[in-house]
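K.L.:
the amino acid sequence is not available; the structure is as follows:
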Ligand code: FNR
């Protein structure tokens, strides 16, 4: 496989400092090969969606988020599960990004993962996120599925990922997303 440079963008669906999902994204960042630049978006300043606000011009935080997605070769989501779906902050950020012109998820290679203290590690939320990607015409990889259950036991008190099985899965996800991204680029 080519090792020409790629840019991946991580998007966490949690804003809290101790977020397991943001910690999982940082673990991905640490595992990414040298030719993959991996930055993590800050969605904390994105306001609640209002189409009147959009009509008057995108807020700066939204503009920056849309530009980051557009510039990325691929996007990796790490989403918590809130009430069996994605958190409102993530849905809200995706809603802002989804509006015209030049909807930045169109044709974008995507990977979806999630962490929760529960047994099934955000499976229900991930399938809702996958459904959103259908509408936005993004192209998520199917495998490996990364559902980090009992997540608190897999990180140490510095929120570093210590679980080898999960680290291996994240490496597989990076390799799969890279191969998919290169295939779609043609
Ligand atoms: C939760 N949590 C949760 N967990 C789960 O597995 N399924 C669920 O439906 C829910 N629902 C839910 C709703 C709300 C409003 C909150 C605040 C939490 C627990 C959730 O998985 C846990 O707080 C995670 O640690 C959140 O992810 P971060 O912030 O650690 O990334």
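P.N.:
Now that the structure is in, tell me what you want to look at. Not measured: the values here are computed from a predicted model.

K.L.:
the residue located most distally from the centre of the chain and the ligand, how far apart?
P.N.:
The centre of the chain is farthest from one residue, residue 56, which by C-alpha atoms, centre = their mean lies 28.0 Å away. With the distance defined as C-beta to the nearest ligand atom, to the nearest Å, residue 56 ends up 31 Å from the ligand. In short, each C-beta sits where N, CA and C put it, glycine included.

K.L.:
tally of neighbours for residue 106?
P.N.:
12 (other C-beta atoms under 10 Å).

K.L.:
wait, is it part of a strand?
P.N.:
No - under DSSP: H, G, I helix; E, B strand; the rest coil, residue 106 sits outside any strand and is assigned coil.

K.L.:
how about the residues of this structure that lie near the ligand?
P.N.:
Counting by C-beta under 6 Å from any ligand atom, the chain comes close to the ligand at 14, 16, 19-21, 80-84, 116-118.

K.L.:
rerun at 5 Å
P.N.:
Within reach of the ligand by C-beta under 5 Å from any ligand atom, the chain has these residues: 14, 16, 19-21, 80-84, 116, 118.

K.L.:
show me where the chain has its helices.
P.N.:
In the chain, the helices defined using DSSP state H lie at 20-31, 51-56, 60-71, 88-97, 123-135, 164-185.

K.L.:
ok, and what's touching the last one?
P.N.:
Counting by C-beta atoms under 8 Å, 6 or more residues apart in numbering, the neighbours of helix 164-185 from elsewhere in the structure are 1-2, 6, 8, 24, 27-28, 31-33, 36, 73-74, 76, 107, 109, 111, 113, 139, 141, 143-144, 146, 148, 154, 161.
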